[in-house]
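J.: with the input below, show me the fold.
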Amino acid sequence: MPDGEAFFRSTATARGSVGTATVTWSYFFTNPAWTAPSTPVAVTPPVTRCDHNLPGNNTVAGCVIRDIAPMMLYSYSGPYEELAWHILAAQDSGLAGSHPDYGLSHPAPLNRLIDAAQQDANYRRACPSSYPRPAGLSCDEYPFQSSQQGASTGGGPGRTFEGCQVPLPAGTGPSGYSACMIDETDNSDGGNALGSFYLDQRMLNGDAFYVWITP
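T.: Numbering: from 1, shown residues only. Okay, the predicted model is just below:
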């Protein structure tokens, strides 16, 4: 079976640079028994983005397939189970972040938010200091404060769920945010895992992503 490879070299190597590559492959087949080559076929793969501008780790350049949104995976039987439970409840109530293939209402991606002041405003609105923090628990917000759909930048009313110990009403629909008191270790470690995901996927400001909750 015929096969082949093609490569490109990015010019986005200087600090702060971002570039894209659109490649078209044109191929045809030949055979000594044929009188002419086959009709050429052109294929254009998804756009590749290369950068040396990754927030939080601007030391190594790298590339991603720009138009394929990555998925952050959490498990409600894994190491961040209370965090995963809250995210799933929030998505099931209609908030953004679930992939269309997951089958929940209002599937839509989240978009990364870089600005630290806006992130802080998102958290302070979803989890104000006036909310009591029971021992061993901390306040978790969804959509993430590091997303453009966060409580302040996204807008809309707050909601919560049974057992969350947060003074907010129940709610449904795609507008707004949710808050819940969850295990503080789940909250902290799950947040660190999200930060690693942003780095691994080379996510720049505004990049889309999904959050998929597994069993």
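J.: what does the pLDDT read for residue 209?
T.: Looking at residue 209, its pLDDT reads 98.
J.: pLDDT below threshold where in this protein?
T.: 1-2, 58 (pLDDT under 70).
J.: roughly how far apart are the residue lying closest to residue 177 once chain neighbours are set aside and residue 115?
T.: Spatially, and ignoring its direct neighbours in sequence, residue 177 is nearest to residue 151 (4.0 Å; Cβ to Cβ, 6 or more residues apart in numbering). Where you see a C-beta, it was placed from the backbone N, CA and C, and this is true even at glycine. Per Cβ to Cβ, to the nearest Å, residue 151 is found 14 Å from residue 115.
J.: the more surrounded of those two?
T.: Higher neighbour count among residue 151 and residue 115: residue 151, with 27 against 14, using other Cβ atoms under 10 Å.
J.: before we move on, back to that, show me the contacts for the residue nearest to residue 177.
T.: 122-123, 125-126, 141, 143, 145, 158, 176-177, 179 (Cβ atoms under 8 Å, 6 or more residues apart in numbering).
J.: mind running it again at 10 Å?
T.: Residue 151 sits next to 121-128, 141-145, 157-158, 176-179 when contact means Cβ atoms under 10 Å, 6 or more residues apart in numbering.
J.: for residue 97, same thing?
T.: Contact analysis of residue 97 by Cβ under 10 Å, 6+ apart lists 71-72, 87, 90-91, 104, 106-110, 142-144, 147, 149, 209-213.
J.: repeat the analysis, applying 7 Å as the threshold.
T.: Neighbouring residues of residue 97 by Cβ atoms under 7 Å, 6 or more residues apart in numbering: 91, 110, 143, 210-211.
J.: go on, residue 206?
T.: Contacts for residue 206 (Cβ under 7 Å, 6+ apart) come out as 111-112.
J.: backbone dihedrals for it, please?
T.: The phi/psi pair for residue 206 (degrees, to the nearest 10) reads phi 90, psi -10.
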